[in-house]
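Asks: Below are the sequence and a predicted model; questions follow.
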Protein chains: 2
Amino acid sequence: MTGGYLKGRIRREDIITAAAAAYGELGYHGSSLREIAKRVGISHAGLLYYFPTKEALLAAVLERRDAEDSEREQLTVPPGLAVLRHFVALAEHNVRHPGIVDLYSRLAAEAVAPDHPAHEYFVRHYRAARDGVHESFAALAARGELRDGVEPALAALTFIALMDGLQVQWLTVPGDVDLVGSLRFYLQNLLTVPL
Amino acid sequence: MTGGYLKGRIRREDIITAAAAAYGELGYHGSSLREIAKRVGISHAGLLYYFPTKEALLAAVLERRDAEDSEREQLTVPPGLAVLRHFVALAEHNVRHPGIVDLYSRLAAEAVAPDHPAHEYFVRHYRAARDGVHESFAALAARGELRDGVEPALAALTFIALMDGLQVQWLTVPGDVDLVGSLRFYLQNLLTVPL
DNA sequence: CCTACCGATCGGTAGG
DNA sequence: CCTACCGATCGGTAGG
């Protein structure tokens, strides 16, 4: 007599996991409900019992991604070097989980279209990422740990862009790209102190 | 009695133009032959008279893109600052032609999948871009125009990645991103001489 | 959760 | 270049 609720919750998680993998491999538009359902072992109509529309499933995938990121990111990290190191650690994590990188890169590129269901998500995502890093660069600048002429706002914007661009190139030609080393190189270049 | 050949060639060019626009807006997989044909004012079967398969049309779009890039790029530019300035000029050109950026970003993200028909194209594209920039950074280093500790190979890789990442972010939140200014900022940071 | 179905759309072909 | 068509696939619904 195991609770039916628990079983349902597990099933939902399985569906979200399968959907995230499919979005990474095939893109959102390229991932049919039938394909995702097959990976879970149910019919596509059965999937729609858990998520009423294709977009609702996408929303659930993005929500879980945010929840995972928030978990890994302890909110206690103060602006400064620690935040930058945290991003390097995130890159190290990503190298061991290409599926996550796939998902993110594919969705980000699709979602440049204003009518894409994940567009607003990425607008917020970029703003939040930029603002967080900006704050850290500003703190470093105040302590004189940023090289002369380095504008915190531009440093933040280019840092986020670099991470994204590196990921796409890494996925395309994995052997040619050192994700973590490239990030370190970039950051060290802006700092007057060791990372 | 206008030559039928000329008319056919113009029609082919029109189809390629429409396809490139559609790929940018909707991605390759999201662009149906019927949609592209409608933009040209013919039936999708008519389109297949000019390009026998969907992939053949994609190949034609990529070929023309390369041809245009080669035209703009005079082959006489020697490795060094001039090449970097050329990339900044390319960014200025792109800001006025978002359709090209759309096409490139969408296809690059789709084509990380090894079985995507444009995958090999992007593998070659990344290699060529990196090698070209690498050569220029190496020349600058030899002349002492690169800051200490800047490795030409990493500088080249991150430069290409930065361009790509900036483009996606610029397409998503155009008002928040200064494409050209960000590139200048990045490059100036690596150099000991004014760009 | 299932089977069975809907209308719409896909790339490609036949035959002119 | 067209009309007409093919089999396959799509998201979603009906009714259990």
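Replies: It's in. From a predicted model like this one, the values you see are computed outputs, not experimental measurements.
Asks: Kindly list the main-chain dihedrals of the closest residue to DNA strand D within chain A?
Replies: At 2.9 Å from DNA strand D, A:Ser32 is the closest residue in chain A, using Cβ to the nearest atom of the strand. Heads up, the C-betas are built off the backbone N, CA and C, glycines and all. As for A:Ser32, its main-chain torsions (degrees, to the nearest 10) stand at phi -80, psi 150.
Asks: For A:Arg34, list the residues it contacts.
Replies: Residues near A:Arg34 by Cβ atoms under 8 Å, 6 or more residues apart in numbering or on different chains: A:His44.
Asks: name the element it belongs to?
Replies: Using DSSP states H and E, A:Arg34 falls within helix A:33-40.
Asks: in that helix, what counts as buried?
Replies: A:33, A:36-37, A:40 (16 or more other Cβ atoms under 10 Å in any protein chain shown).
Asks: hang on, the earlier thing: you'd agree the residue of chain A closest to DNA strand D is up against A:Leu47?
Replies: No - using Cβ atoms under 8 Å, A:Ser32 is not in contact with A:Leu47; the gap is 10.3 Å.
Asks: In terms of packing, which of these two has more residues around it?
Replies: The neighbour count for A:Ser32 versus A:Leu47, taken as other Cβ atoms under 10 Å in any protein chain shown, is higher for A:Leu47 (21 against 13).
Asks: Distance from the chain centre to the helix or strand hosting A:Gln169, please.
Replies: Under the criterion of DSSP H and E, A:Gln169 resides in helix A:152-172. Counting by Cα atoms, centre = their mean, to the nearest Å, helix A:152-172 is centred 12 Å from the centre of its parent chain.
Asks: Tell me how far the nearest residue to A:Leu140 once chain neighbours are set aside lies from A:Val88.
Replies: Leaving aside its sequence neighbours, A:Leu140 sits nearest to A:Leu146 (Cβ to Cβ, 6 or more residues apart in numbering or on different chains; 4.8 Å). In this view, A:Leu146 and A:Val88 are 17 Å apart by Cβ to Cβ, to the nearest Å.
Asks: And the two? Which one has more around it.
Replies: A:Leu146 (20 against 17).
Asks: Any residue of the helix holding A:Gln169 touching chain B?
Replies: Yes - part of helix A:152-172 sits near chain B under the criterion Cβ under 8 Å from any Cβ of the partner chain, namely A:154-155, A:157-158, A:160-166, A:168-169, A:171-172.
Asks: Same question for stretch A:76-94.
Replies: No - on the criterion Cβ under 8 Å from any Cβ, stretch A:76-94 is out of touch with chain B, staying 12.2 Å away.
Asks: Next, the buried residues of that stretch.
Replies: A:79-81, A:83-84, A:86-88, A:90-91, A:94.
Asks: any idea of the mean pLDDT in it?
Replies: For stretch A:76-94, the mean pLDDT works out to 93.
Asks: what's that stretch in contact with?
Replies: By Cβ under 8 Å, 6+ apart, stretch A:76-94 touches A:72-73, A:100-101, A:132-133, A:135-136, A:138-140, A:143, A:145, A:159, A:163, A:167, A:179-180, A:183-184, A:187, A:193, A:195.
Asks: What strand or helix carries A:Ala113?
Replies: For A:Ala113, there is no enclosing helix or strand under DSSP H and E.
Asks: For it, list the residues it contacts.
Replies: A:Ala113 is in contact with A:119, B:25-26, counting by Cβ under 8 Å, 6+ apart.
Asks: 10 Å instead?
Replies: By Cβ atoms under 10 Å, 6 or more residues apart in numbering or on different chains, A:Ala113 lies in contact with A:119, B:24-27, B:30, B:102, B:106, B:171-172.
Asks: what's the answer for A:Arg184, then?
Replies: Shown in contact with A:Arg184 (Cβ under 10 Å, 6+ apart): A:84-85, A:88, A:91, A:178, A:195, B:154.
Asks: A helix includes it, no?
Replies: Yes - using DSSP: H, G, I helix; E, B strand; the rest coil, the assignment for A:Arg184 is a helix.
Asks: where's the residue in chain A that DNA strand C sits nearest to, which helix or strand?
Replies: The minimum distance from chain A to DNA strand C, using Cβ to the nearest atom of the strand, falls at A:Gly46 (2.2 Å). Using DSSP H and E, A:Gly46 sits within helix A:44-50.
Asks: ok, residues contacting the helix or strand following that helix?
Replies: With elements assigned by DSSP H and E, the helix or strand that comes after helix A:44-50 is helix A:54-72. Applying Cβ under 10 Å, 6+ apart, the contact partners of helix A:54-72 are A:12-13, A:15-23, A:28-29, A:31-33, A:36, A:47-48, A:50-51, A:53, A:86, A:89-90, A:93, A:100, A:103-104, A:107, A:111, A:116-118, A:121-122, A:124-125, A:128.
Asks: can you do 8 Å?
Replies: Residues outside helix A:54-72 that contact it (Cβ under 8 Å, 6+ apart): A:12, A:15-16, A:19-20, A:23, A:28, A:33, A:36, A:47, A:51, A:90, A:93, A:100, A:103-104, A:107, A:117-118, A:121.
Asks: So which bits of it are buried?
Replies: Buried residues in helix A:54-72, counting neighbours by 16+ other Cβ under 10 Å, are found at A:54, A:57-58, A:60-62, A:64-65.
Asks: Can I get the helix holding A:Arg34 in PDB, CA atoms only?
Replies: The C-alpha trace of helix A:33-40 is given here as PDB (Å, rounded to 0.1, in the frame of the first residue of the first chain):
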ATOM      1  CA  LEU A  33       5.800  14.300 -26.700                       C
ATOM      2  CA  ARG A  34       5.800  10.800 -28.200                       C
ATOM      3  CA  GLU A  35       9.600  10.700 -28.100                       C
ATOM      4  CA  ILE A  36       9.800  11.800 -24.500                       C
ATOM      5  CA  ALA A  37       7.000   9.500 -23.500                       C
ATOM      6  CA  LYS A  38       8.700   6.600 -25.100                       C
ATOM      7  CA  ARG A  39      11.800   7.200 -23.000                       C
ATOM      8  CA  VAL A  40       9.700   7.000 -19.900                       C
END
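Asks: No further questions, thank you.
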